[in-house]
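In: Sharing a model prediction with you, sequence too.
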Amino acid sequence: MASKLLTERSILSALKKSAVEGKPCTIKDDEGSTLIARPDGAGWWRLRYWLDSKENRLSLSTFPETGLRQARDKRDAARRLIGTGADPSKLRKAEKAERAQQRVARALADAGLPGRPRHL
């Protein structure tokens with residue numbers, strides 16, 4: 001098993017370095033996950049993965065709202081999906097489109113208008 005590269009201390013250090021330099025810096029964890037530390041003190045958890053011989057990236061969450069342990073849990077969940085051959089990015093986009101479609105249907109219903117017919 002690969003060693004865990006990041007610690008809470010190394011994350012805070014990277015955020016401080018980013019603020020001093022005034023530009024983002026990327027620090028790597030294991031199994032393809034990284035944290036992009038921004039000068040404003042926030043960070044983005046990202047996962048780099050390959051599916052069908054193609055490199056992909058997935059945003060896992062933001063720091064500090066999501067800590068190291070939670071980011072690793074999200075990474076592991078995405079890795080399990082990838083292991084089944086599913087693309088977590090495409091699944092997320094499909095879920096987002098479905099939620100948007102449901103919002104539109106609710107808005108039409110609230111306005112007393114008929115719903116839009118689905119594509120045949």
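Out: That came through, no problem. Because the structure is a prediction, the values reported are computed rather than measured. Numbers count the residues shown, from 1 in each chain.
In: ok, Ala71 to Lys90 distance?
Out: 21 Å (Cβ to Cβ, to the nearest Å). For the C-beta atoms, the positions are set from N, CA and C on the backbone; glycine is no exception.
In: more neighbours, those two?
Out: Ala71 (24 against 12; other Cβ atoms under 10 Å).
In: which non-adjacent residue is nearest the more buried one?
Out: Ranked by Cβ to Cβ, 6 or more residues apart in numbering and with sequence neighbours excluded, the top spatial neighbour of Ala71 is Trp45, at 4.3 Å.
In: next one: the helix or strand hosting the one you found to chain centre, how far?
Out: Of the helices and strands defined by DSSP states H and E, Trp45 is found in strand 43-51. Distance of strand 43-51 from the chain centroid (Cα atoms, centre = their mean, to the nearest Å) equals 7 Å.
In: and if you look at stretch 97-117?
Out: That offset, for stretch 97-117, works out to 27 Å (Cα atoms, centre = their mean).
In: what comes into contact with stretch 72-85?
Out: With Cβ atoms under 8 Å, 6 or more residues apart in numbering as the contact definition, stretch 72-85 has outside contacts at 4, 29, 31-33, 45, 47, 49, 51, 58, 60-61, 66, 87-88, 91.
In: closest to Ala14 among these?
Out: Asp29 (11.3 Å; Cβ to Cβ).
In: Go through this protein and flag its longest helix.
Out: Ranked by residue count, the top helix of the chain under DSSP state H comes out as helix 88-110.
In: Packing partners of that helix?
Out: Packed against helix 88-110 by the contact rule (3 or more Cβ pairs under 8 Å, 6 or more residues apart in numbering; DSSP states H and E) you find strand 54-63, helix 68-83.
In: Just send the ones you listed back as JSON lines, with distance to Gln101 too.
Out: Rendered in JSON lines, the data for those read as follows (distance: least, Cβ to Cβ, whole Å):
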{"stretch": "strand 54-63", "distance to Gln101": "22"}
{"stretch": "helix 68-83", "distance to Gln101": "22"}
